[in-house]
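J.: sequence and predicted model, in that order:
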Amino acid sequence: QVPRAPSQPLGSSESRRFTNKHSKKALKASLTLGILLGMFFVAWLPFFVTNVAQAVCGCVPAGFFDVLTWLGYCNSTMNPIIYPLFMRDFKRAMGKFLPCCRRPAEPRPSAVSLSVRNSNSGPRAAASLKNVL
């Protein structure tokens with residue numbers, strides 16, 4: 001038998017709130033993924049089936065094959081529209097870098113502030129030989 005570590009009671013409102021928030025995020029992520037995969041299969045599956053049929057019997061008209069190809073291309077065009085509709089983080093990230101998606105109250109980050117923020121060159125403790133040893 002493996003001893004169990006003591007845990008907090010499951011009835012606390014904080015743990016229920018965390019679980020509820022986590023399950024809402026997981027549900028939304030699953031919904032977004034389901035929509036993206038569903039649209040992918042609806043758009044590209046007819047193309048691939050027709051492609052195999054064309055290879056086997058050569059009975060698919062060229063115009064029909066072109067329509068199915070463009071249906072798949074339309075799916076690829078829809079992805080940048082679907083992501084911002086369902087994902088707040090994606091929408092926020094795009095708003096930071098694309099001028100057409102930025103809110104008026106949101107200032108654009110300058111290149112200097114981005115490089116300072118990403119370089120880990122913030123305030124540091126003075127390093128002297130005495131502190132190192």
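T.: Nice, I can see it. Numbering: from 1, shown residues only.
J.: Phe47 is in contact with Tyr73, isn't it?
T.: No. With contacts counted by Cβ atoms under 8 Å, Phe47 stays clear of Tyr73, the gap being 9.7 Å. In short, each C-beta sits where N, CA and C put it, glycine included.
J.: what about those two, which has more around it?
T.: Shown here are Phe47 and Tyr73; by other Cβ atoms under 10 Å, Phe47 has more neighbours (18 against 12).
J.: which elements pack onto the strand or helix carrying Gly63?
T.: Using DSSP states H and E, Gly63 maps to helix 62-86. Where contact means 3 or more Cβ pairs under 8 Å, 6 or more residues apart in numbering; DSSP states H and E, helix 62-86 is packed against helix 13-56, helix 88-97.
J.: can you get me a residue count around Phe90?
T.: Using other Cβ under 10 Å: Phe90 sits among 15 other residues.
J.: returning to what we had before: list the buried residues for the helix holding Gly63?
T.: The neighbour-count check on helix 62-86 (16 or more other Cβ atoms under 10 Å) flags Leu68, Gly72, Asn75, Tyr83 as buried.
J.: who touches the residue lying closest to the third one once chain neighbours are set aside in this structure?
T.: Spatial nearest neighbour of Asn75, excluding adjacent residues (Cβ to Cβ, 6 or more residues apart in numbering): Ala43 at 3.3 Å. Applying Cβ atoms under 8 Å, 6 or more residues apart in numbering to Ala43 gives the contacts Leu71, Gly72, Cys74, Asn75.
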